[in-house]
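[1] pasting the sequence and the predicted coordinates here, then a few questions.
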Amino acid sequence: MAETVKIYQKRKILSKLLSETDIKKRLAIPVKILPALPEFNGRHAVKFQVMYGNGTRMWPIVCSVRKHGGYKKPVISVGWRNFVICNGLEDKVGYELTLYKVQDELGTNFHYSIQVEKPNPVEVQEISNGTSSASNAPQLIKTKEESDIKIKPPFDLNEKPGGGSVAPGAGEALQMYLMNNPNEG
């Protein structure tokens, strides 16, 4: 079967250091990135999908703004804690979160991608001030179609080495973790 390769344009729309509130409750985001998100169409909330790292699973999250008042104070809350827990981000206070908008070569289809990494000490001050020395220019990346990506563990995740079985659901949880963290396996 021939491998289908598409070219995507990846544009950074947010870079911030994660606070304890960002991890435990909701992700506060600056007003200036709202135009890069799906349109609110007069509503105070919009639902969209994000992918973590180079994973294949899309996570539904909701960005909301205040209904009244001059400052919109956008936050991502609905779906955010589930995203944090399922991707093992609970201990990442102080890490750098980067949100990307990824569009296909025609600019017609897009999704969002989040990466969380230990920050570069040189850039920490710049990131915390809302600026970054890294280029905000779009990057071209090549990726396989999701249907072409198949991840199979080399062993049964529901069995212990040497025999016996693990706790119900543990194998599936590990498989989900490995799918979302391909460099860990």
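    Done, it's in.

[2] walk me through the domains of this structure.
    Per the record, the chain has its domains at 5-145, 151-185, by automatic domain parsing.

[3] what's the least confident stretch among those domains?
    When these are ranked by mean pLDDT, domain 151-185 comes last with a mean of 51.

[4] which stretches in this protein count as strands?
    5-17, 27-28, 45-52, 58-64, 75-76, 96-104, 110-117, 139-144 (DSSP state E).

[5] tell me the most buried of the ones you listed?
    strand 75-76 (a mean of 20; mean count of other CB atoms under 10 Å). The way it works is simple: take the backbone N, C-alpha and C, and place the C-beta from them, glycine included.

[6] ok, back up a step: reformat the strands of the chain as JSON lines; add distance to residue 82.
    Shown next, in JSON lines, are the strands of the chain (distance: least, CB to CB, whole Å):
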{"stretch": "strand 5-17", "distance to residue 82": "20"}
{"stretch": "strand 27-28", "distance to residue 82": "12"}
{"stretch": "strand 45-52", "distance to residue 82": "11"}
{"stretch": "strand 58-64", "distance to residue 82": "7"}
{"stretch": "strand 75-76", "distance to residue 82": "12"}
{"stretch": "strand 96-104", "distance to residue 82": "16"}
{"stretch": "strand 110-117", "distance to residue 82": "13"}
{"stretch": "strand 139-144", "distance to residue 82": "24"}
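
[7] out of those strands, which is closest to residue 83?
    strand 58-64 (4.7 Å; CB to CB).

[8] that closest one pairs with which strands, and in what direction?
    strand 45-52 (antiparallel), strand 75-76 (antiparallel) (DSSP bridges).

[9] which one of those strands lies closest to residue 29?
    Closest among those, using CB to CB: strand 75-76, at 6.4 Å.

[10] gap between the residue lying closest to residue 29 once chain neighbours are set aside and residue 104?
    With sequence-adjacent residues excluded and distances taken as CB to CB, 6 or more residues apart in numbering, residue 29 is closest to residue 74, at 5.0 Å. Here residue 74 is placed at a distance of 26 Å from residue 104 (CB to CB, to the nearest Å).

[11] likewise residue 8?
    Relative to residue 104, and taking CB to CB, residue 8 is found at 6 Å.

[12] make a markdown table from the strands paired with strand 58-64 and add distance to residue 37 to it.
    Shown next, in a markdown table, are those (distance: least, CB to CB, whole Å):
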| stretch | distance to residue 37 |
| --- | --- |
| strand 45-52 | 6 |
| strand 75-76 | 10 |
